[in-house]
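1. Predicted structure and sequence below. I'll ask about it afterward.
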Amino acid sequence: MGWKSFFTKDKKEDLNQGLEKTKQSLFSKIASTVAGKSKVDDEVLDELEEVLVSSDVSVKTTLKIIERLEIRVKEDKYISVGQLNELLKQEITKLLIENNLDDVSDYTVPERDIPHVIMVVGVNGVGKTTTIGKLAHQYNKKGYKVVLGAADTFRAAAVEQLTIWAERVGVNIVKQGMGSDPASVAFDTLQSAKASNADVVLIDTAGRLHNKVNLMNELTKIKNVMQKVIPDAPHEILLVLDGSTGQNAIEQAEQFIKATEVNSLALTKLDGTAKGGVVIGISDQFKIPVKFIGVGEGVEQLQVFNKKAFIDAMFEGSNFNS
């Protein structure tokens, strides 16, 4: 399925609107950079480098992009500033595609004889529990039987919030009292999911990042206990990051990736920030698939991430003519 067939008109509008602040910020800065200039030269590229870094496209990724643009400028001899938008779009798209990370086509999980287990991690406040609720809605809508596990037992609000989501989207939840052992909740959740022939299990975890050792120990314990029920669980460790925090999201990703075997990412709150460029940096830097992005508060506004659709939306309507 091509991305254009999956991205309906409503989804495309949500994506465009969700990236509006990022577009306005990025392209107004670039417009100032090229104002009064006719061609792309070393000075323009130096200033563009500063713009991309300040737009939370990570330093490492920015340097890759600028290096590619320098090669294009040397090869083509003369590139007008009016061509810069298309050139930048082409090089960012190629950079992300070359990472060989397949985009998610829709909300589908692998067919298994046992439940597909997703452990969701991330610091408090990034929208982790809300993301779990929205994913539960999408999986439920596709006909999957979903079970939630409220293993963030250190905050009563987290359990309450997840319970509200379970009721709202019509899925089962397994929970214990506040302060219960998170691994025990995960164990009970998987047992319940197996007994009820569930298709998908989403396990919420505590969002504390007091230090890497404790984080690693806690997440490892949860994994080990789950494997007593389903030997290869969790099948997916989804790290949720707050896109509005920019470079801080990259730092969080580095810590969690060191602490546990993160193999998929979700970036939330892109609609409320001008820092959407962080998606480009994270997608390039960590070589871990960005599977979902949040472009609004609505339950349908957690979208599957598609590199081409994202870049198209970011550059739509941009014009750097001086």
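-> That came in fine, so what should we check first?

2. show me the contacts for the closest residue to residue 18 other than its chain neighbours.
-> Closest residue in space to residue 18, ignoring its immediate chain neighbours: residue 295 at 2.7 Å, by CB to CB, 6 or more residues apart in numbering. Backbone N, C-alpha and C define where each C-beta goes, glycine included. Listed by CB atoms under 8 Å, 6 or more residues apart in numbering, the contact partners of residue 295 are 14, 15, 17, 18, 19, 270, 271, 301, 303.

3. likewise residue 159?
-> Neighbours of residue 159 in contact, by CB under 8 Å, 6+ apart: 150, 152, 153, 175, 178.

4. Just the buried ones from those residues, in PyMOL syntax?
-> In PyMOL, a selection of the buried entries from the contacts of residue 159 looks like this (16 or more other CB atoms under 10 Å):
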select buried, resi 150+152+153+175
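
5. Save the contacts of residue 159 as a markdown table, and put in secondary structure too.
-> Compiled in a markdown table, the contacts of residue 159 are given as follows (DSSP: H, G, I helix; E, B strand; the rest coil):
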| residue | secondary structure |
| --- | --- |
| 150 | strand |
| 152 | coil |
| 153 | coil |
| 175 | coil |
| 178 | coil |
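
6. now the contacts of residue 159 as JSON lines including distance to residue 128 and pLDDT?
-> What follows is those, written out as JSON lines (distance: CB to CB, whole Å; pLDDT from 0 to 100):
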{"residue": "150", "distance to residue 128": "12", "pLDDT": "97"}
{"residue": "152", "distance to residue 128": "8", "pLDDT": "92"}
{"residue": "153", "distance to residue 128": "14", "pLDDT": "90"}
{"residue": "175", "distance to residue 128": "16", "pLDDT": "96"}
{"residue": "178", "distance to residue 128": "17", "pLDDT": "87"}
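
7. right, and out of the contacts of residue 159, which lies closest to residue 81?
-> Using CB to CB, residue 152 comes nearest to residue 81 of the contacts of residue 159, at 49.8 Å.

8. isn't that closest one right next to residue 158, touching?
-> Yes. Contact criterion CB atoms under 8 Å: residue 152 and residue 158 qualify, at 4.0 Å.

9. Can you check which residues contact both of the two?
-> Counting by CB under 8 Å, 6+ apart, the common neighbours of residue 152 and residue 158 are 129, 204, 206.

10. Give me the subset of these lying in helices.
-> Counting by DSSP state H, the part of the shared contacts of residue 152 and residue 158 found in helices is residue 129.

11. in the longest helix along the chain, what counts as buried?
-> Counting residues, the longest helix found in the chain (DSSP H) is helix 59-76. By neighbour count on 16+ other CB under 10 Å, the buried set for helix 59-76 is 61, 62, 64, 65, 66, 68, 69, 73.

12. measure the fifth one to residue 196 for me?
-> Spelled out, that is residue 66. 53 Å (CB to CB, to the nearest Å).

13. Could you do the last one as well?
-> Going from residue 73 to residue 196 by CB to CB gives 60 Å.

14. Equivalent analysis for the first one, please.
-> Remark: distance between residue 61 and residue 196 (CB to CB) = 44 Å.

15. Also the fourth one?
-> Using CB to CB, residue 65 is found at 48 Å from residue 196.

16. Then residue 215?
-> For residue 215, the distance to residue 196 equals 31 Å [CB to CB].
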